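**Student:** prediction below, plus the sequence it came from.
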Amino acid sequence: MALILDAFTTTANTVVTADTGAPPGSLPTPAIVVPKDPEMPFINGNGTYIFSPFDGPGSTVTFVSTYSIPAGLLPVFTVGLPITAFFAYAADETATSTVTLEAINLLGIVVLTVPLITGLSNGGNKQNVAIGSGDTLLLATLGPLGSVQFTVTTTVTAPTVAPYPFGAAGEYLGELRVHSLAVV
């Protein structure tokens with residue numbers, strides 16, 4: 001199967017949807033780039049960590065990242081399209097992630113939602129790179145397939161150390177890789 005998507009969490013595709021340190025009415029808001037703690041791992045050579053702009057010791061933050069595979073990259077009509085997703089992430093400090101696939105028809109209507117990865121945890125260790133995978137078989141879709149969207153939801157609880165020595169109390173970086181049969 002071909003690699004059809006390889007993308008990281010960024011400020012463009014990730015939104016903060018919940019944050020115990022955010023003032024009322026300030027959410028959702030885009031994530032921001034934060035300084036990398038020297039102890040945090042690189043993921044496939046990337047060290048660009050993000051977190052909430054309302055960063056604070058002990059805060060619990062939920063991130064939602066959206067990745068799309070546009071129409072034309074996958075077959076329009078599917079009888080049995082295998083899709084495998086791999087998600088790897090590191091976070092400071094305790095984090096849990098889920099990955100969901102949505103098949104969207106040409107009218108923009110979600111016709112299928114599949115949980116691919118659930119409860120992926122880093123075990124509370126900021127030096128762990130948590131890795132999970134999930135696969136599915138998209139059977140005959142209801143009408144032509146327009147696109148496939150992956151939603152990654154990660155909740156991170158920042159360390160309670162104050163002041164935090166590296167500029168940001170929490171950090172989060174993830175990478176989603178998707179393999180399938182591609183239209184060439």
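**Tutor:** Arrived safely. Numbers count the residues shown, from 1 in each chain.
**Student:** from here on, contacts and neighbour counts on C-alpha atoms
**Tutor:** Will do.
**Student:** list the contacts for residue 127?
**Tutor:** If a contact means CA atoms under 8 Å, 6 or more residues apart in numbering, then residue 127 has 39-41, 90 as its contacts.
**Student:** rerun that using 7 Å as the cut-off
**Tutor:** Counting by CA atoms under 7 Å, 6 or more residues apart in numbering, residue 127 touches 39-41.
**Student:** confidence-wise, which of the residues you listed comes last?
**Tutor:** pLDDT is lowest at residue 39 among the contacts of residue 127; the value there is 87.
**Student:** closest one of the contacts of residue 127 to residue 31?
**Tutor:** residue 40 (18.2 Å; CA to CA).
**Student:** quick check: the closest residue to that closest one other than its chain neighbours vs residue 181, distance?
**Tutor:** For residue 40, ignoring the flanking residues on the chain, the nearest one in space by CA to CA, 6 or more residues apart in numbering is residue 127 at 5.6 Å. Going from residue 127 to residue 181 by CA to CA, to the nearest Å gives 34 Å.
**Student:** quick one on the thing from earlier: filter the contacts of residue 127 to the buried ones?
**Tutor:** Among the contacts of residue 127, the ones that count as buried by 16 or more other CA atoms under 10 Å are 40-41.
**Student:** what's the end-to-end length of stretch 100-114?
**Tutor:** Note: stretch 100-114 ends 6 Å apart using CA to CA.
**Student:** can you give me the buried ones in that stretch?
**Tutor:** Under the neighbour-count criterion of 16+ other CA under 10 Å, stretch 100-114 has 100-105, 110 buried.
**Student:** where's the dip in pLDDT among these?
**Tutor:** The member of those with the lowest pLDDT is residue 105, at 81.
**Student:** just to check, that residue is in contact with residue 149?
**Tutor:** No: contact between residue 105 and residue 149 fails when scored by CA atoms under 7 Å: they sit 11.0 Å apart.
**Student:** how about the contacts made by residue 30?
**Tutor:** Residue 30 sits next to 11, 14-16 when contact means CA under 7 Å, 6+ apart.
**Student:** do the same with residue 71
**Tutor:** Going by CA under 7 Å, 6+ apart, the list of residues near residue 71 reads 146-147.
**Student:** what about the residue nearest the centre of the chain, distance to residue 102?
**Tutor:** Centroid-nearest residue in the chain: residue 152, 3.4 Å away (criterion: CA atoms, centre = their mean). Distance of residue 152 to residue 102, given as CA to CA: 11 Å.
**Student:** understood, closing this out.
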